[in-house]
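Undergrad: I'd like to go over a predicted model; first the sequence, then the structure.
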Amino acid sequence: MTRKTRRLWIVIACLACISSAAALTLRAFSSNIVFFMAPSQVKAHPPAPDRTIRLGGMVVAGSLHRITEHDAPVNSFNVTDGQASVEVHYTGILPDLFREGQSVVALGTVQKDGGFTASEVLAKHDETYMPKEVAEELKRTGKWDPRFGKAPDAASWDTMTAKKTGG
Amino acid sequence: MRPTPNLLHRYANPGQFLRLARALQPWLSTGAIIFLTVGIVWGLFFAPADWQQGETVRIMYVHVPMAWLASSCYLGLAVCGLLSLVWRHPLADLAAIEIGPVGACAAALCLITGSLWGQPMWGTWWVWDARLTSVLVLFFLYLGHIALIRAFDEPARGQRAAAILALAGAIDLPIIKFSVQWWNTLHQPDSITLTGAPTMSMTMLWPLLITTIGFTLGVAAVIFARLSAAIHESRARQLMARSRLNRPDRSAA
């Protein structure tokens, strides 16, 4: 074995050790690396009432209620992952991207009645990048309502919008 | 001159590399200028606004290329580290010295543009989610590499330490890439994947691809120029040292 091959094997062995160490560490901490919990996880394993968690999911269409109390907007809405839904209460101004059907992440605590009191609400953008005109056309023709879930596949936008303008 | 043994060591000869760099340089720079002009003008003025993000989506035309370059420059550092540790490739250490700061700038710009996008879109400048944190770690790895490779009086020792750091830090690259799939993060998943159709309108994807190619060519041109300059500098230093040896003690005489 030449010195070069020996050095190569030493480097490969070290890299294998480091990567397995990293993989095991990440696996062990994966519940802490997760940025938010889904409503079904919160329902299945309710965290302690004083523990601050992040709750993530989609805002249920038609569930948003805003009232003004002592000059501060009080919002309540339901967040769902398709399996369970949790009612969130939040006092303050919601981010610009907040809307029904949007994914959001709320930081707060679970109350005794199963509701969730948030101290901070973040809007989560998804991986869909759709031009304004396409979105308006899809909404106008009733092919997609952003309040009820994700946008259709990008590959289908051309045909979905062209059919209407052509016909 | 000895015949060059194989592809790996053909450009180990600095003279060979300089000839290659001189031939490539005008193509890289011209390509970068053309692609960047077309891509930036298309992206900033002609590409459509996103239906939710509005005009803010245009930050993507800088953010995504910077993220790509920060990762690929680090991959370059890791390859240099491997070449230097195993094959004692003479150019690998010089290349590592020159790639480091370029990659660090890309990582910093990626973090800054991402933060500028996050404030209006998410409602926060920064969160400690897996994607953002792993890119921040990459930025610190760059800073560590830059400092370490220059930290010793005897350059070879610093270069060896930095090569080990670059190789060990390469573990961060798959973590960055797959963080959005392995864990739920605030950062959105990839819109462009090898397996599936892109979830992005082609009217936005084209300018994004063109700016990415443009920035990549530009960074390649910068790295080639830096590396050529470094080779010239070390040659000049050798010549000066030799001339000092050939004319000893003139001041003493």
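TA: Cool, the structure landed.

Undergrad: so where do the helices sit in chain B?
TA: Along chain B, counting by DSSP state H, helices occupy B:7-10, B:14-41, B:60-87, B:90-121, B:130-149, B:155-169, B:172-182, B:202-246.

Undergrad: actually chain A, sorry about that
TA: Assigned by DSSP H, chain A shows helices spanning A:3-28, A:30-33, A:39-44, A:132-140, A:157-166.

Undergrad: who wins for proximity to A:Gly114 among the helices of chain B?
TA: Nearest of these to A:Gly114, taken as C-beta to C-beta: helix B:130-149 at 28.5 Å. In short, each C-beta sits where N, CA and C put it, glycine included.

Undergrad: Show the average pLDDT along the closest one.
TA: The average pLDDT within helix B:130-149 is 94.

Undergrad: hang on, B:Gly123 packs against A:Lys124?
TA: No. Assessed by C-beta atoms under 8 Å, B:Gly123 is found out of contact with A:Lys124, at 10.1 Å.

Undergrad: sorry, back to before: which stretch in the helices of chain A has the least confidence?
TA: helix A:157-166 (a mean of 63).

Undergrad: Break chain A into its domains for me.
TA: A:3-32, A:34-124, A:132-161 (automatic domain parsing).

Undergrad: List the contacts of stretch B:47-65.
TA: A:97, A:125, A:129-136, B:39-40, B:43-44, B:109-110, B:113-114, B:116-117, B:120-121, B:201, B:203-204, B:207-208, B:211-212, B:214-216 (C-beta atoms under 8 Å, 6 or more residues apart in numbering or on different chains).

Undergrad: of those, buried ones?
TA: A:97, A:125, A:129-131, A:134-135, B:39-40, B:43, B:109-110, B:113-114, B:117, B:121, B:201, B:203-204, B:207-208, B:211-212, B:214-216 (16 or more other C-beta atoms under 10 Å in any protein chain shown).

Undergrad: what sits against B:Glu179?
TA: Careful, residue B:179 is Ser and not Glu. Counting by C-beta under 8 Å, 6+ apart, B:Ser179 has contacts B:130-131, B:134, B:185, B:187.

Undergrad: and these near chain A, which?
TA: B:130, B:185 (C-beta under 8 Å from any C-beta of the partner chain).

Undergrad: which of the contacts of B:Ser179 lies closest to B:Leu94?
TA: Using C-beta to C-beta, the contacts of B:Ser179 come closest to B:Leu94 at B:Ser134, 28.5 Å.

Undergrad: Next, count neighbours for that closest one.
TA: 19 (other C-beta atoms under 10 Å in any protein chain shown).

Undergrad: same question, B:Thr195
TA: The number of residues near B:Thr195, taken as other C-beta under 10 Å, comes to 4.
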